[in-house]
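S.K.: Below are the sequence and a predicted model for it; my questions follow.
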Amino acid sequence: MALVACPECGRMVSPNAEECPHCGAPVKELISQKSLETEPKAESFEKKTTPVEKPLETKDSPKAVEKPKEERPQPTSDNNRTSDAAQPSAAANGATPAPKKSKKGLVITIIVLLLAAIGVGGWFYYNNVYIPEKRDAEAPRYYVMSGIINMRSSPDFDMDNNKIGSLPYGTEIIVYDIVTSAPKPYLYGKYAPKDASGKVIKDKVVEGYLAYDYMATKADFFLLNSIFGNDDARKMLSETRYKKALLSYFKHNHYKGNISKEKMEEYGIDPMATETWQVFCRHEKAKSNNVYRSRKYRKDSKYTDLAVIITNKHSQRRQLLYFIFDDDETFHLLTEQSAPNTGYMKDGTLKLMSIGNGRYEVHVEYE
């Protein structure tokens, strides 16, 4: 048994000794009393007054748990208490709390969506509005030269089941393609009628094929249209071959009809055309007129000859023109000669006389 120090003299004695052999002090009684005084008391619920010494931490000793700071409780509803109790917090599970959505991210998203919408809208406008309008603006205009023409869904002009509609004289066509190498030349284009205010009537717009031989360019059409002095002249010369013959004669001689210089420039008509000539006619049922149709040059001709009188607007001088036509409608000016300043060719009186060397002269009565 280990020796202990005597509480009185400090010398080493047995703990079971009743008295110290050195000084006679009651060792066992003193040691028991001292042991009672140094025994720790039970911890009370009152605030501790004796400071507790913090034990030294070693490498092998467990780390002390830090007591969390006391927070002031916040008032919560019963639902929140139940929810909080049922679900452990993200911090308790060791998970990182999800970051809140920032306003900056929302703004960026809205901007991206707007840019995407603008891009889609721009693409749609470019392909469905800008390109078609640009195409139409740059496409040439042709006009119906015949009294009426059929627009078709295919360039087969011998069929009846491909007709889209009929277009009258003077109808404007926006032309996208011209094929003159086909057995029957044709053009492909769009008919876009307009209302009184000049806006296109969209539900009446159609595209199709038309016979090229019955169409005229913008310059040719408006030059031809200026030649007719009245509506009766247009009706008397309704056949396309007659119009082509007369138009060719005017262009060859640099003549023009009743049209201003401004309109000539706008339509692209030859600015060298200075002399103004026109055709004036009576009603088509009149017995005498300034247009005469008959087969005098060749009795078996497929088409009738054309005799027509043109009048100079300023001098009132008149010329009689006589055209003949091949079976393919190719025209030839057989002769031209002066005509009286007044009077109409009387029906049934015209004669075509040969004067030698392939030359001819017209003899006709006037009234």
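M.R.: Thanks, I have it. Numbers count the residues shown, from 1 in each chain.

S.K.: quick one: Asn150 and Gly165 touch, right?
M.R.: Yes - using C-beta atoms under 8 Å, Asn150 is in contact with Gly165, at 7.4 Å. In this view, the C-beta of every residue, glycine as well, is placed from N, C-alpha and C.

S.K.: Looking at the two now, which is surrounded by more residues?
M.R.: Asn150 (18 against 12; other C-beta atoms under 10 Å).

S.K.: That one belongs to a strand, doesn't it?
M.R.: Yes - under DSSP: H, G, I helix; E, B strand; the rest coil, Asn150 sits within a strand.

S.K.: Which element, helix or strand, includes Leu106?
M.R.: helix 103-125 (DSSP states H and E).

S.K.: Give me the helices and strands touching that helix, please.
M.R.: On a contact count with 3 or more C-beta pairs under 8 Å, 6 or more residues apart in numbering; DSSP states H and E, helix 103-125 meets no helix or strand.

S.K.: Give the buried residues for it.
M.R.: By 16 or more other C-beta atoms under 10 Å, helix 103-125 has no buried positions at all.

S.K.: who touches the helix or strand just after it?
M.R.: Next helix or strand after helix 103-125 toward the C-terminus (DSSP H and E): helix 131-138. Contact with helix 131-138 is made by 174, 176, 190, 192, as judged by C-beta atoms under 8 Å, 6 or more residues apart in numbering.

S.K.: go again using 10 Å as the cut-off
M.R.: 125-126, 174, 176, 189-190, 192, 200 (C-beta atoms under 10 Å, 6 or more residues apart in numbering).

S.K.: And for the helix or strand that it is followed by, what's in contact with it?
M.R.: Next along the chain after helix 131-138, taking DSSP H and E as the criterion, comes strand 141-144. Defining contact as C-beta under 10 Å, 6+ apart, one finds that strand 141-144 is touched by 151, 166-175, 178, 187, 189, 191, 210, 212, 214-222, 224-225, 240, 267.

S.K.: Those in helices, which ones?
M.R.: If you go by DSSP state H, the contacts of strand 141-144 have 218-222, 224-225, 240, 267 in helices.

S.K.: Just name the closest of those to Pro183, please.
M.R.: Checking these against Pro183 by C-beta to C-beta gives Thr240 as the nearest, at 18.3 Å.

S.K.: can you count the residues close to the spatially closest residue to the closest one that is not a sequence neighbour?
M.R.: Using C-beta to C-beta, 6 or more residues apart in numbering and skipping residues adjacent in sequence, the residue nearest Thr240 is Ser146, 4.5 Å away. Using other C-beta under 10 Å, Ser146 is surrounded by 20 other residues.

S.K.: Could you list the residues in contact with stretch 147-163?
M.R.: Contacts of stretch 147-163 with the rest of the structure, by C-beta under 10 Å, 6+ apart, involve 144, 164-169, 171, 173, 179, 182-191, 206-212, 214-215, 234-235, 238-240, 243.
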